[in-house]
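Colleague: Show me the folded form of this:
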Amino acid sequence: STNFHHRQPNLNMALTQEQLTLVQSSWANVVPIADTAADLFYGKLFELDPELRVLFPQDLADQKKKLMTMIGLAVDGLSNLEELVPVVQNLGRRHSTYFHVTPPMYATVGAALLDTLEKGLGDSWDDAHKEAWTLVYGVLSTTMIEAGGEEKKTSE
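Modeller: Numbers count the residues shown, from 1 in each chain. Below is the predicted model of the structure:
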């Protein structure tokens, strides 16, 4: 099963150049309001699933920075998938092993992310943005879930 590790999720096919540009340009508009966006995100996440709160430190300041940095890296990395995919896989393995993140939690995170983007971007958020971000998050979270699942099998 060595070729599992070389199996790249085919992001190129899924995402059009136009969608890539939409995601990257809209993220650039979130960066200046990163602190607010992070507050919105965690507020929404814990509203959607209060049980997730215990998975995070009491003080979320560092976590908020990490979140915004990681999304930024992922968004930039969409232009260079060869390098991005292993990083995302590694992140998925860590979340599965250390934080026991389960696939349904990823769906909740995705919902909180879309809500945050919609609030943060205001009038510029539209269906095209929603579709592009949903696609990107779907592929990234699937990559994380698959890597985390493999990790569980090997550690059991």
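Colleague: any weak-confidence spans in this structure?
Modeller: Applying pLDDT under 70 to the chain flags the ranges 1-13, 151-152, 154-156.
Colleague: and if we set it to 90?
Modeller: For the chain, applying pLDDT under 90 flags the ranges 1-15, 55, 80-83, 95-103, 149-156.
Colleague: residue nearest the centroid of it?
Modeller: By C-alpha atoms, centre = their mean, the chain has its centre lying nearest to residue 137, at 5.4 Å.
Colleague: how deep is residue 25 tucked in, by neighbour count?
Modeller: Residues near residue 25, counting by other C-beta atoms under 10 Å, number 12. For the C-beta atoms, the positions are set from N, CA and C on the backbone; glycine is no exception.
Colleague: so which helix or strand takes in it?
Modeller: Using DSSP states H and E, residue 25 sits within helix 17-30.
Colleague: buried set for the helix or strand that comes right after that helix?
Modeller: Later in the chain than helix 17-30, the nearest helix or strand by DSSP H and E is helix 34-48. By 16 or more other C-beta atoms under 10 Å, the buried positions in helix 34-48 come out as 34, 37, 38, 40, 41, 42, 44, 45, 46.
Colleague: tell me which of those residues is nearest to residue 96?
Modeller: When the buried residues of helix 34-48 are compared for distance to residue 96 (C-beta to C-beta), residue 45 wins out at 18.2 Å.
Colleague: and the closest one, what does it touch?
Modeller: The contact partners of residue 45, by C-beta atoms under 8 Å, 6 or more residues apart in numbering, come to 52, 108, 109, 112.
Colleague: CSV please, covering these and showing distance to residue 100, secondary structure and neighbour count.
Modeller: Listed next are these as CSV, based on distance: C-beta to C-beta, whole Å; DSSP: H, G, I helix; E, B strand; the rest coil; neighbours: other C-beta atoms under 10 Å:
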residue, distance to residue 100, secondary structure, neighbour count
52, 11, helix, 16
108, 14, helix, 16
109, 14, helix, 21
112, 19, helix, 21
